[in-house]
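>>> Next input, structure requested:
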Amino acid sequence: VVVVPAQLAERSYEGAKKIGRDISEAFQFTPEITVNNTVVLQQQTPILELATLSQKFQHQYTWTNTWLGSTKEINITGGFEAKVGFDLNKKFSIQLNDEKAVVTLPKPQLLSIESLNNVKFEDENGVWNWVEMEDRSKALNAFTGDAKKYAEQAQFVTQAREAMEKKLTEILQQHGKAVTIQYSEQERIPIY
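A predicted model of the protein is given here:
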């Protein structure tokens, strides 16, 4: 009678370790995996962020400045690459119970946005309010900030969430688990 629960527990722990290896191969990190309230694998993250989507996009912005009724304008166009994914400083865990897997992830977010160095400026001077180099610097900063706002509101974050959910569900279903995915903002507690 004692041998059967021990064998079941051992199979559950081995299954959890195998799930951990499969996720590690797919994403290059291992989440915390718990079986019946026992932590089998600790979260292992060689990097602090996991980018699951990289999206290039073109953006344009118009910067203006008016002084004594004279308006100068700078039209800027250029490309950006947005990287969207998960902050792994926050909790990422999988709780396994019988045939179920409850995955807790941090919410996906915009991790970075980088200019593709193809920025073009079109200057339009005012009557006595002319475009200067300092204006271009201000316009470029505003252009980058506007591109970041666009990327945060675009479908990139939703696409990253959907891609992660699909891949995790695929991996866990291969191990015979029904999957529930939930999101949390809880920080991981560092171990010293």
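>>> how close does the residue nearest the centre of the chain sit to A139?
Among the residues of the chain, the one closest to the centroid is G85, at 1.3 Å (C-alpha atoms, centre = their mean). Using C-beta to C-beta, to the nearest Å, G85 is found at 30 Å from A139. For every residue, glycine as well, the C-beta is placed using N, CA and C.
>>> repeat for E25
E25 sits 45 Å away from A139, going by C-beta to C-beta.
>>> and those two? which has more neighbours close in?
Shown here are E25 and A139; by other C-beta atoms under 10 Å, A139 has more neighbours (23 against 10).
>>> and the helix or strand containing the more buried one, which residues are buried?
Element membership for A139 (DSSP states H and E) is helix 133-153. By neighbour count with 16 or more other C-beta atoms under 10 Å, helix 133-153 contains the buried residues 135-136, 139-140, 143-144, 146-148, 150-151.
>>> Nearest to P108 among those?
Of all these, P108 sits closest to A151, with 12.5 Å by C-beta to C-beta.
>>> Contacts only, for that closest one.
With contacts defined as C-beta atoms under 8 Å, 6 or more residues apart in numbering, the neighbours of A151 are 55, 57, 80, 82, 84, 110, 113.
>>> Show me the residues you listed that map onto strands.
If you go by DSSP state E, the contacts of A151 have 55, 57, 80, 82, 84, 110, 113 in strands.
>>> ok, the fifth one - how many residues close by?
Counted by other C-beta under 10 Å, the residues lying close to V84 total 26.
>>> got it, and the fourth one?
Taking other C-beta under 10 Å as the criterion, the count of residues near A82 is 24.
>>> Tell me if I'm right that it and Q58 touch.
No. Here A82 does not reach Q58: they are 11.9 Å apart, not a contact under C-beta atoms under 8 Å.
>>> which one of the buried residues of helix 133-153 sits closest to I76?
The closest of the buried residues of helix 133-153, once distances to I76 are taken by C-beta to C-beta, is F143, at 4.5 Å.
>>> Least confident secondary structure element in the chain?
strand 38-41 (a mean of 55; mean pLDDT, DSSP states H and E).
>>> So what sits opposite the residue nearest to the centre of the chain in the bridge?
Beta-bridge pairing of G85 under DSSP bridges involves A51, Q109.
>>> who touches it in this structure?
Counting by C-beta under 8 Å, 6+ apart, G85 has contacts 49-53, 108-109, 111, 160, 164.
>>> buried residues in stretch 156-163?
156-157, 160-161.
>>> Between those residues, which sits nearest S93?
Nearest to S93 among the buried residues of stretch 156-163, with distances taken as C-beta to C-beta, is R161, at 17.0 Å.
>>> Perfect, that will be all.
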